[in-house]
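S.K.: Pasted the sequence and its predicted model underneath.
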Amino acid sequence: MLSQNIFDKEFDRDSVFTDRNLLSPHYTPLELPFREHQIKQISHILGQTLHNKKSDNLFIYGKTGTGKTSTTKNVMKQLVEFSSAKNIKVEGIYINCRNHNSKYRALIKIVKDLYPEGNFMGFSAAFIYEKLVGYVRAGKQLVIVLDEVDKVKDLDELIYALTRSNDEIDKGGITVVGISNNLMFKDRLDPRTKSSLCEQEMVFPPYNAEELKEILKRRAEHAFKKDVVEDSALSLAAAFAAQESGDARTAVMLLLRAGEVADRKGIEKITDEEVKKAKNKVEEELILNMVSTLPEQQQLVLYAISVLSLEKRGIRKITGQLEEGVLFSGEIYDEYERIAKKIGKDVVSARWYREYISELEMYGLILSTNSGKGIKGQTRLIKLGFDARKIRQLLEKELMIG
DNA sequence: CCTCCACAGGAAGCGCAGGAGT
DNA sequence: ACTCCTGCGCTTCCTGTGGAGG
C-alpha cells in the first residue's frame, strides 16, 4: 500500500497532493503532537527492558482516533532502534487482535515474527508456546503489543500464558502492552488477568478542536503542495471532527476527501466549501457502510422502502399538505414480503418488522411520524432519510438482486 | 354515537447457540 | 465432557388508539 507505483506520480501531477499516503488511515505519523506526555510515560515504563529487566505490563485505553496505536508504535520503533544500536537484546512485536483473535492465533503470529523462516500453522499450542519460551530464554526482553485486545476470545488464557512464561524464565522476560477503545471490557476480565495486564494503566483523551487543527496543519504541510489549504478550511475540518467525538482519524479523512474534491474540480485551493462537500461525502460513506453491514432482513426492509419511494415518487396528500416520498407502514410490509418471497428469503412477522422499522429509525436511515387526520386508522408514515436511488443500488448488490 | 380499520406496541413464550458450572 | 442456564431473535396473542364512515 505504501509502495510507490509508477502511476502515483503521473496521477498526482495535476493535483493538490504531494503525498496522499500521509493522509491514509493506515499511515503512522512520525510526530505526535499533544501526546508528548503519553510518549514519555510509555517510554519510562518500557525503558526498564533496556536494563534487561521485565517491565510492568501496560493497559492503554482511549476512544478511536486518539492516537493510541500511533503513539505505541512510535515508542516501540524507537525502543527497538535504540536497543539494536546499543546491541541490547530487546525486541518488539505488534499484533492486531482483530486479525488474530484467539490465544492460539496470537501465539502463532508471535512465534512467526520471531522465526520468520518457519511455518507453524497446524502445530500444537504447547509446541508454539515452548518455541516462544525458548526464544526468550536466550536472554531476550520481548515486548508484545496487543492492539484491540478486547477482540481476543480467550483473552484470560492468552494473558495467563504470556505472563506465566516469565516464571519459567530466569534470563529474559515478556512484557505485554494491551490497547483497547472499550473501557468496559476491563471489568469483564478475570481478576487475575486484570491485575497482571493492568499493572500500569493509561488513558488517551480525545483531542479538542484546537489540537485537531494543529494536527491537520502538520499533516497538510507534507501531504499537500504549499499553500493549498486555507487556514479557515483547516479550522472547519477540525471543528467538524471535534464535534463528532474528537477523532483525529475522521479529521484527517475529511482533509483527504476535501483534497479529492478540489482535484476533481480542477482547482488548486482547498476552501471551506471543499471541506463541507467532503463532510457530506464522508457521511455518505458512513451511511452506505452502515447499510451494507445491516442484517439481511433489515436490508430487505430498507430495500422495500427504497423501491417503493422510487416507484411512487407519488406526492401524497397528507394533512392537507403535499408530502413527497411518504409511505405507509402496511404497504412497506407487503412489499417487503413480496420481495423476500421472490428471492427465497424468510419473512419475519409483522410485529418483528415493526421492531426493524424502529431500529432503522434509530440509525437515522428512515424518518417516521404517526399518521394524523386524513388517514384512516393509525399507522406510521415512513420516509427514507437518504437518496433512495443510491440505497437501492447498493442493496441490490448486497442482496444480489437483479 | 358506534363500529371498523389499520395499525402500534406490550407480554409471554419458544427454539437455539454459546458460556458457565461441575 | 457433560448438563444447565441465559440471552437473543423471533412468533403468537393481545390490548390500545385515533380517525373514517355509516
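M.R.: Received it, and whenever you're ready, just let me know what you need. Note that this is a predicted model, so its numbers are computed, not measured.

S.K.: can you give me the helices for the stretch 1-150 of chain A?
M.R.: For the stretch 1-150 of chain A, the helices defined by DSSP state H, counting those that start in this stretch occupy A:6-12, A:36-46, A:68-85, A:103-114, A:125-137.

S.K.: Looking at those helices, spot the one closest to DNA strand C.
M.R.: helix A:125-137 (14.2 Å; Cβ to the nearest atom of the strand). Where you see a C-beta, it was placed from the backbone N, CA and C, and this is true even at glycine.

S.K.: what distance separates that closest one from the middle of the whole chain?
M.R.: Computed by Cα atoms, centre = their mean, to the nearest Å, the chain-centroid distance of helix A:125-137 equals 32 Å.

S.K.: And DNA strand C, is that helix touching that?
M.R.: No - judged by Cβ under 7 Å from any atom of the strand, helix A:125-137 and DNA strand C are separated, with a smallest distance of 14.2 Å.

S.K.: ok, and what's touching that helix?
M.R.: With contacts defined as Cβ atoms under 8 Å, 6 or more residues apart in numbering, helix A:125-137 is touched by A:103-104, A:107-108, A:110-111, A:114-115, A:120, A:142, A:161, A:165, A:168-169, A:171-174.

S.K.: try 10 Å
M.R.: Contact with helix A:125-137 is made by A:54, A:89, A:91, A:103-104, A:106-108, A:110-112, A:114-115, A:118, A:120, A:123-124, A:142, A:144, A:157, A:161-162, A:164-166, A:168-174, as judged by Cβ atoms under 10 Å, 6 or more residues apart in numbering.

S.K.: What about DNA strand C: which of those touch it?
M.R.: Applying Cβ under 7 Å from any atom of the strand to the contacts of helix A:125-137, none is adjacent to DNA strand C.

S.K.: Which residue comes closest to the residue nearest in space to the middle of chain A once chain neighbours are left out?
M.R.: Nearest to the geometric centre of chain A sits residue A:64, at 6.9 Å (Cα atoms, centre = their mean). Nearest residue to residue A:64, sequence neighbours excluded (Cβ to Cβ, 6 or more residues apart in numbering): residue A:181, at 5.3 Å.

S.K.: Surely the one you found is in contact with residue A:67?
M.R.: No - in this structure, residue A:181 is not within contact of residue A:67 by Cβ atoms under 10 Å, at 11.6 Å.
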